[in-house]
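1. what shape does this take:
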Amino acid sequence: MSLILVADDESHIVQVLALKFRNAGHDVIEANDGEEALGLARQHQPDVLVTDMQMPFMNGMELAGALLDDARTSAIPVLVLTARGWAMDDCIATLSNVKSVQSKPFSPREILSLVEGLMSDAERGSECT
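-> Have a look, this model is predicted:
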């Protein structure tokens with residue numbers, strides 16, 4: 001069974017994604033900000049992190065960078081959700097663990113499909129999405 005970490009300061013987004021992932025048979029841990037997510041990622045080493053871009057204390061890019069800098073968490077693929085509507089730019093592209101950026105609003109079904117694809121890629125040792 002896979003473990004997915006969902007980090008977002010908007011509780012309704014965490015609830016919707018957690019329900020979708022659990023209904024698909026995945027275990028889920030939840031964080032309300034970047035610092036909490038970093039601690040949970042270090043403690044539980046999830047298979048995938050789904051994080052919001054803009055959160056208190058540590059944003060999604062800072063979180064992805066902190067995970068990448070830690071040997072225990074550097075291989076965790078990251079999917080970033082953003083209300084900004086921007087695609088992978090040079091800043092994000094330098095973080096090899098950020099595999100996808102999705103704009104809000106999003107389809108929970110699409111996010112589930114992306115997350116399951118990231119887990120399949122990780123199992124195969126793929127660097128591509």
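
2. you'd agree residue 54 is up against residue 63?
-> No: assessed by CB atoms under 8 Å, residue 54 is found out of contact with residue 63, at 11.3 Å. For glycine as for every other residue, the C-beta is placed from the backbone atoms N, C-alpha and C.

3. the two: which is more packed in?
-> Neighbour count, other CB atoms under 10 Å: between residue 54 and residue 63, residue 63 has more, with 29 against 15.

4. quick one, phi/psi of that one?
-> phi -60, psi -50 (degrees, to the nearest 10).

5. can you pull the contacts of it?
-> 7, 34, 37, 38, 49, 51, 55, 78 (CB atoms under 8 Å, 6 or more residues apart in numbering).

6. just the element for the fourth one, please.
-> If I follow you right, that is residue 38. When elements are assigned from DSSP states H and E, residue 38 belongs to helix 34-44.

7. tally of neighbours for residue 105?
-> 8.

8. name the SS class of it, please.
-> Under DSSP: H, G, I helix; E, B strand; the rest coil, residue 105 falls in the coil class.

9. and the pLDDT for it?
-> As predicted, residue 105 sits at a pLDDT of 88.

10. now do it against residue 12, distance only.
-> 11 Å (CB to CB, to the nearest Å).

11. ok, residue 32 next?
-> From residue 32 over to residue 12 the distance is 12 Å, taken as CB to CB.

12. which of these two has more neighbours?
-> Set residue 32 next to residue 12 and count neighbours by other CB under 10 Å: residue 32 wins out with 17 against 8.

13. quick check: chain neighbours aside, which residue is closest to that one?
-> Leaving aside its sequence neighbours, residue 32 sits nearest to residue 9 (CB to CB, 6 or more residues apart in numbering; 5.7 Å).

14. tell me who's in contact with that neighbour.
-> Contacts of residue 9 by CB under 8 Å, 6+ apart are 32, 33, 52, 54, 55, 56.

15. now do residue 66
-> By CB under 8 Å, 6+ apart, the neighbours of residue 66 are 38, 58.
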